[in-house]
Structure formats: C-alpha cells, structure tokens
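**Q** Provided below are the primary sequence and the corresponding predicted coordinates.
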Amino acid sequence: MGKLSGLPLFMVRVLAVAFFSYPAIGADDPSVNSGTWRHYGADLAGTRFASSVDINVENIGDLKPAWTYRTGDSTNGDRYFGRPSSFKATPIYFDKKLIFSTGFNNVHAIDPVSGQRIWVFDPEVNFRVHYAEMFSSRGVAAWENSTTLDAPCSKRIFLATLDARLIAINATNGEICTNFGTNGQIKLFADVMNYRKGQYSVTSPPIVVNNTIIVGSSVGDNGATDLGSGIVRAFDANTGDQLWEWDPIPRSTNRPETNTWENTSWEKTGGANVWSAMSADAQLNLVYLPTTSPSPDFFGGKRLGDNAWSNSIVALDITSGDLEWAYQTIKHDLWDYDLAAQPLLVDIEINGEQVPIIVQAGKTGFLHVLNRATGNSIYPMEQKRVPSSDVPGERAAETQAFPAIRLHPEPKTIPALYAYSPDHVDACTRMLENVRFEGIFTPPSLAGTLLYPGNPGGINWGSMSFQQGGSLAFTVVNRFPTVVQLLPRREYRRQRRAESHKDTDAQYTSQSGTPFGMVRFDLYRSYPQGNVPCLEGPWSTLVAIDLAEGKVKWEVPAGIAPGVPANGEAATWGSPVNYGGSIITEGGVLFLATREDRMLHAYDAKSGTEIWHEPLPAQPSATPMAYTHENESYVVVAAGGKSDSNNPGDYLVSFKLELVN
C-alpha cells in the first residue's frame, strides 16, 4: 500500500482531534428532531428521519392520497427543444411551504396542505446548450438570517443550476435576492480550470451550515482528460462573498498527495468533483464531501497513480476550508464508481461507548464506517489484490479497500443468465461474448469488461436513512451491470458512425486526450412491458444494517419488475434500478418509491415486511420526504419518469394520514 505523509494512503489526518465526549449530532441544526425536513436529506446529517411524523405500523392503513401537483415540465415546448425533463427532486419544508426544483431548474413553492402553487421562480437557463447531465436537479437549500429577521430576503432559498450559477431566492415571494452576490447570483463557472459550457453544472443542492453555503459541481467527466476541475467552494449566505475553495485534485506541490499523480497529471486532470449531496456536523465544524472519479472515467493511463483525493470521503473545516482528514475508498478509479450517496452521520453505541460515525455507501455496495472526527475505520478493513489491466498504457491499482460491511455479492465469474425466454438468453449471450470478468474491480478492456454491480448499481444518490435512537440504517442496493469496452481511436470512430451497438442503447464517449474511445451499454433487454435484466437477481433490494454490530439484519426485494412471472423466482428479485432511497418515521415505517412498478411502498423497519403500497402516475426516481404541518402528517414523492403516455412525468404526489377517531 502506498504511503503519504507517513500514513496509509486511504486515510490521512491533517489536524489533531482530541478525544472527548462528542456533542450530539446536529445540536445546532434546527431541523433535527423538529420534523420540518428543512434539508435535502431531512437534516445536515442526511438521516432522512421524519421525527415528528405520526405515521406508524399500526395506523399506516389510514394514509390516503391527498393531492397531486403538476410542475409543467413534461410539456415539450419550443423553449426546451423537445428534450425531456427529469423530475428527481426531494422537496424541503421551509417557511411553511414545500419548496423544490424541477429538471428545467424552475423552483416551485406550494401550499403543504392543498398542493396549490404559491410562487414559481424561473432562473432562465439557456436550453440551447447541450448539458452533459441533461435536465436534472435534485433539490434546493434554505437559509434564515436569524440575527435580522426583518431584513430583506431574511429567508432564502438557494438554487444551483445546470449552467453553474448559485442563485438566492426570497422564500416569501419567489423574487431574486439582489443583495446576494451580483444582483442575486454567483457565476460558479468563473475561473474554473478547463471550463467547457455544458460540461460543468450543478445538479444537487448545496449545503448550508449556520451562515456558510457550500456548493460542489457536476462535471461531464468521461469526455476528455482535461475537463473542468472539481473545486468545492464556500460563500457567505448573506452577502455571497467567497470564503474559501478546495480542489479534490491537488494543484500544487505544496500538497503532498501530488505524489499519487504520476507525470504531474494533477496539473490537467479534471473531475473528482462532488456532484452529490454533502453532510455536515456543526459541532465539529466539519463538512463531509463525497468525491468522484477523475477524468476520464474508464481509462487512467494519462493519470497513473492512486489519484488522491478522488473517490474519497473528505472532511473540511467549515470556517477555513482546511483539510481535516480524508479517506480514499477506491484508488485509481476505472469504473465510474463515484461516491454518489450522501454521507450519513450518526452517533452509535459500540462496545458501551458512544461513537460519532460517518457511513459512506458506494456504488460497489460497500459501506465504509468511520469515526467522523478522526477518519479512523470503526470496523476492520482489508486491502485485497485485484485484477490487473491488459490495456496498453494502463496500470490498475494492485489492491483495493474491502471494508467489513459489503452488501453486494462478489462473484469471480459472470453470474448466471436469467432464463426469461430462449430469445432473451441468446441475445444476452451475444452481449457477453468475449467479455472479461474476474470480480468487482476487473479493469475495462479492449474486448469488453462486465462491470458488476455496475456504475448505476450499488448505492446511488438515494443514499441511506437512519432511525434516531437506534442503530439500524437502511439503504437500497441495485445490481445493474454494464459492459464497457475501450476502442482504439480509429475503431471508435468507425463504430460510432456505424452505430454498431444500436440495439443495446449504447453510449459512446470520446475520452479525448487518450488513445481510446469508449462504448458502454446496460445489460438488459427492452420489451413492451419494460426492461428485463440479462443476469439473474436479486436486482434491487432494501437492506437494514445494524451499525453497532456491523451486520445485515434483513434484506427484502425493492419493488417488482414488470413482465416477470408473478409466481416465479424473479418476482422476488426487486424492481431493476431504484435511484431514489428510503426515509423512515419515528414510528418505524420505511417509505420507498420503486421505479419500474411505479409504486410507493411502506415497510415495517423491524422486519422489512411490506405493510402498505399505493400506485404512482409515473416512474419515480426520487427519494420521498415527510413533514408535519398544523399537526397533520404527510408523505410526498416526485414521479418524474415514464408515464402511461410514455412522456416524462411531472407529478408531485402527496399522501396524508387521515386518522379515524
């Protein structure tokens, strides 16, 4: 294992942290234990815990449809050039309103009881630009000026946009807060290294801690070596003045981790950005960043080395932006295994001692459980040897970190094909012909490599949920394999012109600056009733993990795949690819919206038993939220995928607890 500053490369602490009796997580966060769902993940800790919602396993039958709100985003007018939106947002409850963003970056504020529109803010994004992330926005952030409540724009909504602006909006009336930044906005793309229009966006909400707003970015990181840098920046929430910035890739030899980037590749490599949601501990004054892969995703021959601090959990001081500690989960990423999940911050009693922990879930299905003050691993972690690369110019890392909690099976050969039909098996066999697979970290190859659980798999931005006062965490684990093939430049151009993989909905990217282009396709077949995976399941499961013991407590299917025999084994394998995650109420009810069967499910958190479900008007790709307003309990979820008309959905669907006296 490589060394950096005398410490293992996968973890380095920069500042000393004294061991003391840690304050409770979120002590300065007004959303904790208030049931208000003020942040994207309910609170700064990302627990997705609705503490004051009265829904429990006994009264779940009294949860009834309340209202449905339409955003209008599914209307393909001239302004959007016929391109579909993608409604993935989780609303927040702030200023007695539900407030959320849409794929077209409009911000809506609606009445939490009736679902009636209060105001809409249009940031006027230029949709003539082709954005690498298409039209996506997962939500907004809120801030209240507690010292001068009567000041203009004392209650603000912050929107970070596809065209890389940070905008402050008056939560009361939806007007822009002109006293923030320059006329209410900050151009985040200014001074970004290797900035390319459309390739540098923001798709997740920023995080606000006290009076500091911290924002990451989304970089189209598979197009070239020299794409936009993944800098994270902090601003004064009142004035918009920049406080600090930090780049996961070191841009100076003053940072010792440049030793993990050979041939000074740290000077030009892009990405390693933070596109997902961040978490924060106000008491420790730390913000936690889940970083991603450096550019390009699938060939690292131009960035040899372990590439710190990509694919890492990074703790920064909120005031100064100084690095406190960092822990690298994957060295020299060749699989697009971004840390897509929001870090989960909880306090757990382990061996009689209360321990402040951070749990980082990965697309690999691995859970890294660390002390969030020090970065030390709570459970044993093993460095295992992994397959080497056979691609000229590439050198994969010799070992990777395997934590104690791993939620994905680890086969060393291609798993069995799903015998949906003889034609299905024949087609999938052809898709896997000559494909290489020797385990989860098999590098991309010229013949093609199976990525399993795949870069859409494992735990994605649906993240985790946690019931405060206990030790159980909950998450959705997807097994959605893909095949990635590296193509020499001439062959890449030939195949792309010929659309050689047109029957597989293949994605081609140039990886400019390298000798190879890339083609990638998901390992499933499309049928009128839906997509059917090539490999046997389980395809998607809801899992409960006891963080105090480091063990899985239960695992159940997450939804049902369409078109599979209802009485067959495949009916127990779950709904393929559920991007949204779970939430939990104080009464022990888990809510999860599953994509292919278009359903909102409720489960008993103790056992995983499904206790309620209701259909949705379109496919959901979002995490629900729950709130209490005027002593009434509600659950809402966005349904923004395919609908019965095959158009994208633009629905926000609400359910209310209608208790019978």
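**A** Good, I have the coordinates. Numbers count the residues shown, from 1 in each chain.
**Q** Burial check on the nearest residue to residue 289 once chain neighbours are set aside, number of neighbours?
**A** Here the nearest residue to residue 289 in space, its sequence neighbours aside, is residue 314; by CB to CB, 6 or more residues apart in numbering that works out to 4.3 Å. No exception for glycine: its C-beta is placed from N, CA and C like everyone else's. Other residues near residue 314 come to 26 when the count uses other CB atoms under 10 Å.
**Q** Contacts for the host helix or strand of residue 314 next, please.
**A** Secondary-structure element containing residue 314, defined by DSSP states H and E: strand 312-317. For strand 312-317, contacts defined as CB atoms under 8 Å, 6 or more residues apart in numbering pick out 15, 232, 246, 248, 285-291, 322-329, 339, 343, 358, 360, 368, 370, 372, 375.
**Q** Now which of those residues would you call buried?
**A** 232, 246, 248, 285-291, 323-329, 339, 343, 358, 360, 368, 370, 372, 375 (16 or more other CB atoms under 10 Å).
**Q** tell me the average confidence for stretch 343-359?
**A** Stretch 343-359 shows an average pLDDT of 94 in the prediction.
**Q** Just give the number of residues close to residue 388.
**A** Neighbours of residue 388 (other CB under 10 Å): 15.
**Q** Over to residue 190?
**A** Neighbours around residue 190, by other CB under 10 Å: 9.
**Q** residue contacts, the residue positioned nearest the centre of the chain?
**A** For the chain, residue 461 is the residue whose C-alpha lies nearest the centre (CA atoms, centre = their mean; 2.1 Å). By CB under 8 Å, 6+ apart, the contact set of residue 461 is 138, 204, 276, 277, 340, 341, 342, 579, 581.
**Q** Put together a markdown table for those residues, with neighbour count and distance to residue 307 on each row.
**A** Output for the contacts of residue 461, formatted as a markdown table (neighbours: other CB atoms under 10 Å; distance: CB to CB, whole Å):
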| residue | neighbour count | distance to residue 307 |
| --- | --- | --- |
| 138 | 25 | 26 |
| 204 | 26 | 22 |
| 276 | 23 | 18 |
| 277 | 25 | 23 |
| 340 | 24 | 18 |
| 341 | 25 | 20 |
| 342 | 29 | 22 |
| 579 | 21 | 26 |
| 581 | 29 | 28 |
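**Q** lowest-confidence helix or strand of the protein?
**A** strand 3-4 (a mean of 40; mean pLDDT, DSSP states H and E).
**Q** For the stretch 101-250 of the chain, just list every one of the strands.
**A** 107-110, 117-121, 136-137, 141-144, 155-160, 165-170, 185-187, 200-201, 207-209, 212-215, 218-219, 232-236, 242-246 (DSSP state E, counting those that start in this stretch).
**Q** Which one of those strands lies nearest to residue 387?
**A** Across the strands of the stretch 101-250 of the chain, residue 387 has its closest neighbour in strand 218-219 (27.4 Å, CB to CB).
**Q** Adjacent strands (with direction) for the closest one?
**A** strand 200-201 (antiparallel) (DSSP bridges).
**Q** could you give the mean pLDDT of the strand it pairs with?
**A** 91.
**Q** what do you get for stretch 608-623?
**A** For stretch 608-623, the per-residue pLDDT averages 96.
**Q** let's have the chain start at 789 instead
**A** In the new count, where the first residue is 789, that last one comes out as stretch 1396-1411.
**Q** Only the buried residues of it, if you could.
**A** So for stretch 1396-1411, counting by 16+ other CB under 10 Å, buried means 1396, 1398, 1399, 1400, 1402, 1404, 1406, 1407, 1408, 1409, 1410, 1411.
**Q** What of stretch 1131-1138?
**A** Judged by neighbour count using 16+ other CB under 10 Å, the buried positions of stretch 1131-1138 are 1131, 1132, 1133, 1134, 1135, 1136, 1138.
**Q** cool, stretch 1322-1341 as well?
**A** 1322-1336, 1338, 1341.
**Q** follow-up on the earlier one: between the strands of the stretch 889-1038 of the chain, which gets nearest to residue 1142?
**A** Using CB to CB, the nearest of these to residue 1142 is strand 995-997, at 22.5 Å.
**Q** Identify the residue nearest residue 889 in space, chain neighbours excluded?
**A** residue 925 (4.1 Å).
**Q** right, and that neighbour touches residue 878 too?
**A** No - using CB atoms under 8 Å, residue 925 is not in contact with residue 878, being 10.8 Å away.
**Q** Output the below-cut-off pLDDT ranges for the stretch 1189-1338 of the chain.
**A** The stretch 1189-1338 of the chain contains residues with pLDDT under 70 at 1288-1292, 1317.
**Q** Sketch out the helices for it, chain order is fine.
**A** 1210-1219, 1277-1286 (DSSP state H, counting those that start in this stretch).
**Q** Who are the packing partners of the last one?
**A** This points to helix 1277-1286. If you count contacts as 3 or more CB pairs under 8 Å, 6 or more residues apart in numbering; DSSP states H and E, helix 1277-1286 packs onto strand 1295-1297, strand 1304-1310.
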